[in-house]
Structure formats: structure tokens, C-alpha cells
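[1] Pasting the sequence and the predicted model now:
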Amino acid sequence: MERERFKSRLGFILLSAGCAIGIGNIWRFPYVVGDNGGGIFVLFYILFLIIIGIPLLSMEYAIGRASGKSIMCAHKELKPGGRIWQIHGKTALIGNYILMMFYSTVSGWMSCYCFRYVTGGFDGVEKEEISDKFTELLASPGTMLLWMLIMVFAGFFICSLGLQKGVEKITKFMMIALLGLIIILAVHSLTLPGGSEGLKFYLYPDVKRIRDVGLFPVLVAAMNQAFFTLSIGIGSMMIFGSYMDKEKSLLGEAITVSALDTFVAITAGLIIFPACFAYNVSPDSGPSLVFMTLPNVFGNMPGGRIWGSLFFLFMTFASLSTLIAVFENIMACCMDEFGWSRKKTAVLNFFIVGIGSLPCVFGFNIWSNFQPLGNGTTVLDLEDFIVSNLILPIGSILILLFCTLKSGWGYKNYLREVNQGTGMKMTENKWVRRYFQFIVPLLIALLIVYGAAAIFK
């Protein structure tokens, strides 16, 4: 069967960006920036994006485009007989499933809140009741299950329509709407009285803050954000490379996607911090920011129902675009490996992901006594740890080594593929190759150790 192709370059860029632009961009990145030196942290983040994130992304694209396969079959196609590399394909597919088993639950929260704002569910809710609303949601397995299944069904239904007619067409619409929404929300926040103090906290270079936190933790936080923001290591980006033509070199495409991802992450802070400071609400990170802090801000804001609806519509688009991208990767793995039709693959995986997501849903209520990583932790924390701290970084090291070692695909083959087409080229300098072979894997290994130590500490 001939490999499907993107209809347009814009479709490829927006779909790749949709995979990278996730919930973490909104509820984690802005807070980490404000808490780690503002503008100085952003410079560190961009530096690590250039020296680690973008090269790794170009490698995923190169493997996908050269093989014309998903991560399950790409290593076999490019390095027949290299069984050790093929193991990575299987673990990467497992990582995609685990990722979706908790990400789908969080996506359900977003769509639930969007529905509630649109239908007036937060009209007249007092400040002290805001946190109760989220607590009630977590305590209701039925409600969480319903919204999770709605998002999983929507994602697989879109993927079942095909690459061009479903995935590309609908994601393009959502991403253009997402970019429009985030600009509207940011402009509104920046014009709020008192919002300038939030902007100062967010992006003003704060050397004193770096001294208080420590330069090494700030550097690690910046490297961590640059590495994880692109979801590299489990083939989520590789699959889009397999749908690309040879007209454009891949380094330039990786830069474009990374820039779009960074734009959304930074702009999210322009929504959050000016609004929080304007209404004297302390900013936070994680779920409490999105489901407790910001609803308090919208409750104080004129037209809060409208702005809350727009914000959670934006969040729903951000989460659904990631679901669609990763579901497409999962489906492509199954179709490549087993030869299933697209519709059969969508139906089977709807049940696999839906059932597999139950532990995460139940972990907040009927299984809440199961606290796998210590007091107060949930199944979601365990699944997030497995994917973010183990499968993603280890997978990225394997992709690096596959593209640079002679026992893998090799650096010459990688260069030939990444530089094919018009646009920016990757250098053939031997020191760059050695940097990829030795330095970057050590930096990623540092993140694995540092992240594991932080979790268990």
C-alpha cells in the first residue's frame, strides 16, 4: 500500500506543532519561567532548544521520512537485523499508550470545563466554591469517564477519516483557531489594569531570583523544558516525517515547529500572569492553575463567562490536537505492523485506550488509597513519571545513537536525509557528530537521574 502524504506543508507544520503544544505548555511553562529568573530562563530555554531539542526533532523526522514507516517498523526498514534497535519501537508504542491513558483523562477535564463555562455552570460561583467544583469533578468517576471517552472517541474518529481528510484537515482548523484564541486572550490580559506587574514578574530578567534558586537548578529546569516540550523519543514526531515529501530539508522544518511551540508557551504566560496580578490572585502551576486559580480570575473579570469559555476552548483544542497526533502514531504503528485497515485500527484502539484509561480515572476516587509515589500521589503521577522520566528520555538517547553510530543507521545516512531538499542544512563537522554521540546523551542521562531523584525525594 502506498504511503499517505500530507496535502500541504502547512498541514505538516500545524500537526507537528499540535503534537508539541500540549497542556504542559500552558500550566507548567509560564510558572517555571516566572519562578526561575524570567527572561534569563527563557534565553537558557531557547539555547537548550537549539543545541538539544531541534537536532533531536530533526532526527525523528529523518528516520520517519527515510523509512516511510512508524517507529514500530522504521528501525527494521533502515537497519535490517538490528534487533536491539527494534526493541525501542515496541517500548515507544507502549509509551504512547501509557501517555494517552492519562492525557485523555486530563483532556476530559478541559472539555468538561469548556462545556460548563459555555452553559453558565460557573455563573455566580463564589471564590471559595471554585476549588470545590474541581474536587467534585475528581470525586465523580462517572463524570470523568464520560468526558474522557468523549475526547478519546473524538480523537480516534478524526483519525479514522484518513490523514488528509481527517487528521490534517481538522487539526489545521483547530490549530489556526487555537493561535487566534491565544492572541485574543493575551491582548485582553495585557490591557487589564495592573497587568503590567504580572508581565514584569514573568519576563523581566531577575538575577536575584537565579541566585536564590541556584544557577544549576535553573539550567536543569530550562534543559528539561526544552527537551520535553517537543515530545521526542516515542515516535510522535517520527510518524509525521513518514508522511513528508522530499522538497524541504528537515532542520528548517524542525526549527519552524519548535518556534511555533515556543510562541504558544510564552504567549500562555502573557494570558496568565497579567490576569492573575490584575485581580490579585496568586499564580500557581499544574492543575490548580487551570482549574482553581484562573476560574477565580474569570469570576472577577467583566465578561468572565465569555473569557473563561474562550480559554477552555483554547485548552480543549490544545489537548485534542495532541490526542489526534499521538493517536495517529499509535494507529500507524498498528497498521504498519499488522496490516489492519484504518477504521479497524481506530475502533480497536478506542477500546484499548478507553479501558486503559480507567486506572487514571479511578485513581482520583475509588482507588485514591493507591498512592504509588508517596503520600498524595495518584495513578496519573505514576504514569506521567514512567513516560516523562523514563520512556521519553531513554527513547531520545536511542534515537540519537541510531542516527550517529555505525552500528545503527549512521551519521552519513542521517545527514543525507536531513539535508535533502531546500532549506537549512545540518553541518557535517566531526565535532558536531561527537557532540551528538557523547555530550547530548550525557545531558539527557543527567535529566533522567535528576528527575528520578526529585520524584523520590
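    Sure thing, it's come through. Numbering: from 1, shown residues only.

[2] what comes up buried for the helix or strand hosting Ser319?
    Here Ser319 sits within helix 304-338, counting by DSSP states H and E. Buried residues in helix 304-338, counting neighbours by 16 or more other CB atoms under 10 Å, are found at 304-305, 307-337. C-beta here means a position set from N, CA and C on the backbone, and glycine is covered the same way.

[3] and after that helix, which helix or strand comes next?
    helix 342-356.

[4] Could you tell me which other helices and strands that following helix packs against?
    helix 83-118, helix 141-160, helix 304-338 (3 or more CB pairs under 8 Å, 6 or more residues apart in numbering; DSSP states H and E).

[5] Need these in JSON lines (columns: mean pLDDT and distance to Thr293).
    Output for the helices and strands packed on helix 342-356, formatted as JSON lines (pLDDT from 0 to 100; distance: least, CB to CB, whole Å):
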{"stretch": "helix 83-118", "mean pLDDT": "94", "distance to Thr293": "13"}
{"stretch": "helix 141-160", "mean pLDDT": "97", "distance to Thr293": "21"}
{"stretch": "helix 304-338", "mean pLDDT": "94", "distance to Thr293": "12"}
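
[6] Those: which one's closest to Pro359?
    Smallest distance to Pro359 across the helices and strands packed on helix 342-356 (CB to CB): 7.3 Å, for helix 83-118.

[7] Could you write out the alpha-carbon coordinates of the helix or strand following that closest one in CSV?
    For helix 83-118, the following helix or strand on the C-terminal side (DSSP H and E) is helix 127-138. Provided in CSV are the C-alpha atoms of helix 127-138 (Å, rounded to 0.1, in the frame of the first residue of the first chain):
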residue,chain,number,x,y,z
LYS,A,127,-14.4,32.2,45.2
GLU,A,128,-14.4,29.5,47.9
GLU,A,129,-16.6,27.3,45.8
ILE,A,130,-14.2,27.3,42.8
SER,A,131,-11.9,24.7,44.2
ASP,A,132,-14.9,22.6,45.3
LYS,A,133,-16.0,22.4,41.7
PHE,A,134,-12.8,20.7,40.7
THR,A,135,-12.7,18.5,43.8
GLU,A,136,-16.3,17.3,42.9
LEU,A,137,-15.2,16.5,39.4
LEU,A,138,-12.3,14.4,40.6
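
[8] just the angle between helix 127-138 and helix 141-160, please?
    Orientation check (axes from the mean of the first three to the mean of the last three CA atoms, to 10 degrees): helix 127-138 against helix 141-160 gives 70 degrees.

[9] Going forward, the N-terminal residue is numbered 39.
    Renumbered: residue one is now 39, and that last one reads helix 165-176.

[10] For helix 165-176, give the mean pLDDT please.
    Averaging pLDDT along helix 165-176 gives 89.

[11] Tell me which residues are up against it.
    For helix 165-176, the surrounding residues in contact (CB atoms under 8 Å, 6 or more residues apart in numbering) are 147, 150, 160, 163, 181-182, 325, 329-330, 333-334, 337, 402-403.

[12] Please indicate which of these are buried?
    Those of the contacts of helix 165-176 that meet the buried threshold are 147, 150, 160, 163, 181-182, 325, 329-330, 333-334, 337, 402, by 16+ other CB under 10 Å.
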